Structures are given as structure tokens and as C-alpha cells.
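In: Provide a 3D model corresponding to the input given below.
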Amino acid sequence: MKKKLSIAGLVLILIFCLAGCGSKSAEKEYDQERLQQYAQGIIDNFSKMSEEEFEQYRSMPDYNLDYTLMMTGFPISGENFRTMIDAWKSGREDCGEFLEIGDFTMEVTNTGAVLSAPLKGEERDADLQFAFDEGGQMESITVNAHYSTLEILKKAGLNTVLGMGTVFVVLIFISFIISLFEKIPALEEKFRKKETAPAAPAPAPAAAAEPAAEVQTDDSELIAVIAAAIAAAEGTTTDGFVVRSIKRRKSNKWNASVR
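Out: Numbers count the residues shown, from 1 in each chain. Sure, this is the predicted structure:
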């Protein structure tokens with residue numbers, strides 16, 4: 001039992017020793033003075049650069065930008081450099097022109113080291129932070145502006161209004177779309193009527209009434225013949241009378257003579 005306890009104690013002592021050595025080695029890994037030089041160099045260059053120069057760096061190809069940064073001695077990739085430009089410009093919009101930057105303090109994290117310094121701007125103060133990875137490469141820059149309680153409430157209120165306004169606009173649009181569903185049957189009915197409407201010209205066979213004209217022409221010929229016969233019987237011409245109609249009688253002297 002005593003041996004087991006002693007072994008467990010030795011294991012715990014070794015663990016604590018290794019943890020202490022690891023933390024010490026991690027702290028020794030970073031040269032704060034060198035990291036501060038990199039951070040100060042970025043501050044000096046960004047403070048002097050114009051908008052055209054910022055845009056020029058942003059539009060450079062990755063290979064050219066990486067080569068330029070390597071030649072200047074800054075341990076940073078072109079992609080991270082562009083991100084730092086955006087963060088610097090955003091911080092300047094929030095705080096105004098940077099007037100003064102205080103002393104840096106370093107904090108070692110599990111992923112690297114972070115340099116922090118107080119920043120004084122024209123409109124508001126902020127905290128300026130530079131993040132480095134485990135190899136000492138610069139990863140990012142952050143400008144945390146100090147907003148007053150009133151400004152925070154205004155921003156929160158504005159975000160709430162924008163969020164709720166967007167939701168209501170979407171709901172109104174959805175309601176409008178749903179209201180259109182009621183008109184779909186009427187539209188379908190109109191389209192069906194338009195499709196069936198061309199079938200109306202079917203009653204074309206009415207042209208069969210033409211034989212009446214033939215009958216009319218036959219009657220006129222018959223009238224002319226009868227008028228000529230009457231004129232011959234009376235010894236006169238057809239100019240002296242007009243035959244207006246012809247009616248057939250059931251029995252007359254003509255029929256009797258025929259019998």
C-alpha cells in the first residue's frame with residue numbers, strides 16, 4: 001500500500017514538473033520586444049498610408065504581396081495583411097483618427113501571444129490588439145472601441161428595429177403571396193374559357209338554305225310562262241297585267257276536263 005502511494009505521489013510530482021516546464025518554455029518562446037517592434041512597424045506604416053496606398057496593397061496579387069512583405073521583414077502573409085488593413089480602417093471609422101497609443105502588454109495563450117495597448121482616438125478610446133501565432137507570425141489586428149451605455153443601447157435598438165422590420169416585411173410579402181392563391185381558380189377559369197371559345201364557329205351548315213333561291217327562280221319562270229299563256233289567251237301582251245302570286249286549287253275546270 002505504501003509503495004502504491006509513493007508511486008502515485010511521484011507520478012503527480014512529475015506531471016506538475018512537466019506542466020511547469022511546458023509553461024516556462026511557452027513563455028520563453030515569445031520575445032515581447034521583437035513582437036512589439038513588428039506591431040509598432042505596422043502602426044507607423046498604416047498611420048502614414050493613404051486610401052490609394054491601402055487599395056494598392058489590397059489589389060496586389062498574392063504572390064507579389066507575400067514577396068513585398070517578406071522583403072520588408074514583417075512576419076505576415078498577404079491574406080492576413082489585407083485583413084489587418086480592413087480592421088485598421090474599420091477602427092478608424094469607429095474611433096476617428098488615432099491620436100495616441102500607450103504601452104503594450106503581452107498575454108500568452110494556448111494558440112500564441114496577444115499584444116494589447118490602450119488607444120486614444122478623436123471620437124472615442126479603444127483597445128488595440130495584435131495577435132501572433134505560436135511561430136511568431138502576425139495573424140490579425142483588432143480595434144475594440146469603447147462605446148458608452150447610450151451608444152450601446154442605440155445600437156441594440158437599431159439592430160432590434162432592423163431585425164423586426166425585416167421579419168415583418170417578409171411576413172407581409174408571404175401574406176400577399178397567400179392572398180393571390182384565391183385568384184388562381186378565377187384565372188384558371190378564364191384560361192379554360194379562352195381555350196374553349198374557338199369551338200363556337202361550328203354552326204356553319206346553315207348554307208343549306210340556298211335551295212330556296214332555286215325555288216324562287218323556278219317560281220319566277222313559272223310566273224313568266226303563265227303570264228305569257230294568259231296574254232296569248234286574251235290576245236294582248238304581258239305589259240297590261242302583273243301576276244303577283246300563284247295558288248294551286250284543289251279542284252277546278254282544268255282538273256275536271258282532264259278527267
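In: which SS class is I76?
Out: coil (DSSP: H, G, I helix; E, B strand; the rest coil).
In: Counting by contacts, list what the helix or strand harbouring E188 packs against.
Out: If you go by DSSP states H and E, E188 is part of helix 184-196. For helix 184-196, there is no helix or strand it packs on, judged by 3 or more CB pairs under 8 Å, 6 or more residues apart in numbering; DSSP states H and E. Bear in mind the C-beta positions are built from the backbone N, C-alpha and C, glycine included.
In: Which parts of this protein belong to which domain?
Out: 10-146, 151-192 (automatic domain parsing).
In: Which parts of this protein are strands?
Out: Secondary structure of the chain (DSSP state E): strands at 98-101, 105-108, 112-121, 126-133, 138-145.
In: List the contacts of the longest one.
Out: Residues from elsewhere that reach strand 112-121 (CB atoms under 8 Å, 6 or more residues apart in numbering): 30, 32, 35-36, 39, 91-92, 94-107, 125-134, 139, 143, 145.
In: Now the buried members of those residues.
Out: For the contacts of strand 112-121, a burial check counting by 16 or more other CB atoms under 10 Å picks out 30, 35-36, 39, 91-92, 95, 98, 101, 104, 106, 126, 128-132, 139, 143, 145.
In: how about the nearest residue to H146, chain neighbours excluded?
Out: In this structure, H146 finds its nearest non-sequential neighbour in D125, 4.9 Å apart by CB to CB, 6 or more residues apart in numbering.
In: State the distance from the one you found to T83.
Out: Computed as CB to CB, to the nearest Å, the D125 to T83 distance reads 23 Å.
In: Also M71?
Out: 20 Å.
In: neighbour-wise, which of the two wins?
Out: T83 (15 against 8; other CB atoms under 10 Å).
In: gap between the more buried one and I184?
Out: Distance, T83 to I184, using CB to CB: 51 Å.
In: repeat for I85
Out: According to CB to CB, I85 and I184 sit 54 Å apart.
In: ok, those two, which is more surrounded?
Out: A direct count of neighbours by other CB under 10 Å for I85 and I184 places I85 higher, at 19 against 9.
In: For that one, give me its contacts.
Out: I85 is in contact with 46, 54, 57-58, counting by CB under 8 Å, 6+ apart.
In: Next one, pLDDT for the spatially most central residue of the chain please.
Out: Centroid-nearest residue in the chain, with CA atoms, centre = their mean: V170, separated by 13.1 Å. On pLDDT, V170 comes in at 91.
In: Please apply the same query to the one 5 residues further on.
Out: pLDDT for S175: 86.
In: What number of neighbouring residues does it come out with?
Out: Using other CB under 10 Å, S175 has 10 neighbouring residues.
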